[in-house]
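Enquirer: Just a sequence and a predicted model for now, questions to come.
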Amino acid sequence: MKIYKAKDYNDMSRKAANIISAQVIMKPDCVLGLATGSTPVGAYQQLVKWYEKGDIDFSEVKTVNLDEYKGLPIENDQSYYYFMHENLFDKVNVKPENTNLPNGMEPDAEKECARYEALIQSLGGVDLQLLGLGHNGHIGFNEPGAAFEKETHCVDLQERTIEANKRFFASADDVPRQAYTMGIKTIMMAKKILIVVSGEDKADIVAKAFFGPVTPSVPASILQMHPDVTVVADEAALSKAPC
Ligand code: GLP
């Protein structure tokens, strides 16, 4: 696990965007695993700027997103589909047919999860998976206690996650209670992983996830076992880490 300390959020975003951009330059038809949440927004903005300058080309890139709320239509501005279009897809030359997210409107969870998992396999797996880190150590929507061997599945969101995400909705009652997410096994099968973390409120979980024991109670701790993980975190997020 390589850990890069960034000065602040902007520096973290630029470093992360550099790593993503290097991946696209080295393999123009790569499969990027993408993430939502507030942390990667700055990296997406940087990628858009480089695209506008002609420095990066997404025309052959394929994308698979980590997760999606169950029951939110794509037109809902809190769906991850909407987020990805707003922050990246509509601003670069990725082909719409090459972008993929779980279909939150498919009520049959078993069918949708099997479809998504098969899709990832059919693309040849993920070359670089971008991740954020939840306050409770979740990655994607794999909440504490999630079995490490799970593939894409439907999860019941935990109270802490609903609380953390309610800032984006009119009220906590409007936050969906379930989501489809790549499982830990799916994430661990990515060839490379890039996890971005910012802010002092993540300092405790950063110390536990990357410097503590590997345990299902901190889902991100499993990343310590992956052969090619890069953590890009700012000083505030690393303030309680022994490095
Ligand atoms: C959400 C997403 C995760 C994300 C996490 C952290 O619940 N499902 O993929 O990493 O929250 O979000 P943020 O970056 O806003 O702290």
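Expert: Noted; the coordinates are in hand.
Enquirer: quick one, what contacts the residue most central in space within the chain?
Expert: Centrality entry for the chain: nearest residue to the mean C-alpha point is Ala35, 2.6 Å, by CA atoms, centre = their mean. In this structure, Ala35 makes contact with Asn65, Leu66, Leu130, Leu131, Gly132, Gly140, judged by CB atoms under 8 Å, 6 or more residues apart in numbering. Any C-beta I mention is one placed from the backbone N, CA and C, and that applies to glycine too.
Enquirer: Need the residues you listed in a markdown table (columns: secondary structure, neighbour count and pLDDT).
Expert: Rendered in a markdown table, the data for the contacts of Ala35 read as follows (DSSP: H, G, I helix; E, B strand; the rest coil; neighbours: other CB atoms under 10 Å; pLDDT from 0 to 100):
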| residue | secondary structure | neighbour count | pLDDT |
| --- | --- | --- | --- |
| Asn65 | strand | 24 | 98 |
| Leu66 | coil | 28 | 98 |
| Leu130 | strand | 27 | 98 |
| Leu131 | strand | 27 | 98 |
| Gly132 | coil | 21 | 98 |
| Gly140 | coil | 27 | 95 |
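Enquirer: tell me which of the residues you listed is nearest to Glu200?
Expert: Closest approach between the contacts of Ala35 and Glu200, by CB to CB: Gly132, at 15.9 Å.
Enquirer: worst-scoring helix or strand of this protein, pLDDT-wise?
Expert: Every helix and strand in the chain was compared by mean pLDDT, DSSP states H and E; the lowest is helix 159-165, with a mean of 86.
Enquirer: same for the ligand: which of the contacts of Ala35 are within range?
Expert: Contacts with the ligand are made by Leu66, Gly132, Gly140 out of these, judged by CB under 6 Å from any ligand atom.
Enquirer: Might one say that Asp228 is in contact with Lys192?
Expert: Yes - under the criterion of CB atoms under 8 Å, Asp228 lies in contact with Lys192, with a separation of 4.6 Å.
Enquirer: what does this structure have sitting close to the ligand?
Expert: Counting by CB under 6 Å from any ligand atom, the chain comes close to the ligand at 35-39, 66-67, 132-134, 140-141, 161, 165.
Enquirer: Please pick the buried ones from the residues you listed.
Expert: Among the residues of the chain next to the ligand, those scoring as buried are 35-37, 39, 66-67, 132-134, 140-141, 161, 165 (criterion: 16 or more other CB atoms under 10 Å).
Enquirer: which one of those residues sits closest to Lys240?
Expert: Using CB to CB, Leu133 is the member of those that lies nearest Lys240, at 13.6 Å.
Enquirer: where does Lys95 sit relative to Val48, distance-wise?
Expert: Applying CB to CB, to the nearest Å, the value for Lys95 to Val48 is 16 Å.
Enquirer: higher neighbour count, these two?
Expert: More neighbours surround Val48 than the other of Lys95 and Val48, with 17 against 13 (other CB atoms under 10 Å).
Enquirer: Setting the sequence-adjacent residues aside, check what's closest to the more buried one.
Expert: Closest residue in space to Val48, ignoring its immediate chain neighbours: Lys91 at 4.5 Å, by CB to CB, 6 or more residues apart in numbering.
Enquirer: contact partners of the longest helix seen in the chain?
Expert: Ranked by residue count and defined by DSSP state H, the top helix of the chain is helix 9-26. With contact meaning CB under 8 Å, 6+ apart, helix 9-26 is reached by 4, 6, 30, 32, 40-47, 50, 55-58, 61, 127-128, 130, 192, 194, 196-199, 230, 232-234.
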